[in-house]
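Participant: Give me a model of this one.
(one chain, ligands or ions: 3)
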Amino acid sequence: MNVAGAVRQDRLWQRHADMAKLGGTPKGGVNRQALSPEDAAARNLLASWAKARGFSIFTDAIGNLFVRREGSEPAALPVMSGSHMDSQPTGGRFDGMYGVLAAFEALEALEDAGLKTRRPLIAVAWTNEEGSRFQPGAMGSAVFAGRNKLDDMLMVKDWKGVVLKEALAETLAAAPAPMREVEVHIEQGPRLENARTTIGVVTGIQGSRRYIVEALGEEAHAGTTPRVARKDAFAAATRIAAAMYEATTDADDTLRFTIGRVEVYPGSPNTVPGKASFTVDMRHPSEEVLEAHEKTLLAIVAARAAPCTARIDRVTAVAPTDFDLHVIDLVRAKADALALSNMDMPSGAGHDAMHIATLCPAGMIFVPCERGISHNEIENATPADLAAGARVLVEVLVELANR
Ligand code: GLV
Ligand code: MN
Ligand code: MN
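Facilitator: Ligands and ions are numbered 1, 2, ... in the order given. A predicted model of the protein is given here:
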């Protein structure tokens, strides 16, 4: 039996169902935000499965969780695969979790097939990929790759003022740098489904930048304050937002611009808002285009705030990623060998692999998700597609781990 044949679709699917109970929502999705009790429960469940299979488990200082299957040369650099277990507040069951469970399934399939690889294999769950509670996202992989400083990240606060360091209850242990990393994920967009294709051979990830825009005005009585005397911060924020939507509407629909969180202070129906803020998430495959649009956003904030004042601060910036050509070729070759339809494609979403790609050659495998919907509780994928992705993964991992 080839090792892909040892991948068990039923087991992989059941593990998704078990994990979906942790933070499960009435609409069938999950709310399992980074370093919440639900995230802790998912970590414990994965660790219990790993223990039962005799794999070793360890964490690093930012809480990345590693499950290791020993190779015949334990000192050789390991090959890694994984994704994240945290979710959006109204997230689906597959975003991230699939990549962790597919990597774990690969380890189990190897165990069941009695196949020893030369290099150790590590399934990893990176801490806080979503970045919806603690910013920035893809935090664990960024710290692991040395792109963000551990000490800075430990002091990050969530929206309620909880310090990450306090939310992080895991113990410390050193993690070895990997020799290669491959991450499996649902596509989170519609291209594979529309093309009736099972496997996305991921060539890279578009660049992304996040900002906070804050407008400051003056609180005043809603019933008595004439228009000329008002410094309505929300009105300023909406003028700025409207101009930004217009300036980021490109002809070829490539630029992605999202305002995902808005806060108005003091949030009283009969007080003119004195402060309003919103987040901006902007993405494009070209760094130059992102740079040019950043200048436009700055100009809009300066021009549209009066009579209020406003500022825009960049919170994160991740340059576009090109994946390793050899890993890309290997993913395509393994999909072909398994007779799975496949196509090359870039990733619209960000993933931990974008940081790990700065550390070692990396790549990704996509499978379709229903109607391309993600960051939504109704996110869905088929058991067969999930298993297909895991089969390609295990074949790729075996090849890399025997090099
Ligand atoms: C990850 O979830 C992203 O925002 O792309
Ligand atoms: Mn994800
Ligand atoms: Mn996500």
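
Participant: Roughly how far does residue 314 sit from ligand 1?
Facilitator: 16 Å (Cβ to the nearest ligand atom, to the nearest Å). (Glycine included, C-beta is placed from N, CA and C.)

Participant: what's across from that residue in the sheet?
Facilitator: Per DSSP bridges, the residues bridged to residue 314 are residue 211.

Participant: Okay, helices next: where are they in the stretch 301-403 of the chain?
Facilitator: For the stretch 301-403 of the chain, the helices defined by DSSP state H, counting those that start in this stretch cover 325-337, 353-356, 383-401.

Participant: of all those, which lies closest to residue 94?
Facilitator: Closest of the helices of the stretch 301-403 of the chain to residue 94 is helix 383-401, at 7.6 Å (criterion: Cβ to Cβ).

Participant: Which positions within the closest one qualify as buried?
Facilitator: Across helix 383-401, burial judged by 16 or more other Cβ atoms under 10 Å covers 385-398, 400-401.

Participant: same question, stretch 225-245
Facilitator: Buried residues in stretch 225-245, counted by 16+ other Cβ under 10 Å: 225, 230-241, 243-244.

Participant: Assign the closest residue to residue 54 other than its chain neighbours to helix, strand or coil.
Facilitator: Excluding the flanking residues, the one nearest residue 54 by Cβ to Cβ, 6 or more residues apart in numbering is residue 111, at 8.0 Å. Recorded secondary structure, residue 111: helix (DSSP: H, G, I helix; E, B strand; the rest coil).

Participant: wait, residue 111 sits on residue 70?
Facilitator: No: using Cβ atoms under 8 Å, residue 111 is not in contact with residue 70; the gap is 10.7 Å.

Participant: Just tell me which of the helices of the stretch 301-403 of the chain ends up closest to ligand 2.
Facilitator: Nearest to ligand 2, of all the helices of the stretch 301-403 of the chain, is helix 353-356, at 10.2 Å by Cβ to the ion.

Participant: Going by contacts, tell me the helices and strands next to that closest one.
Facilitator: Here helix 353-356 touches helix 139-144, strand 180-186, strand 362-367, going by 3 or more Cβ pairs under 8 Å, 6 or more residues apart in numbering; DSSP states H and E.

Participant: what's next to that helix, contact-wise?
Facilitator: Helix 353-356 is contacted by residues 80, 138, 141-142, 144-145, 147, 178, 181-183, 205, 318, 321, 323, 362-364 when judged by Cβ atoms under 8 Å, 6 or more residues apart in numbering.
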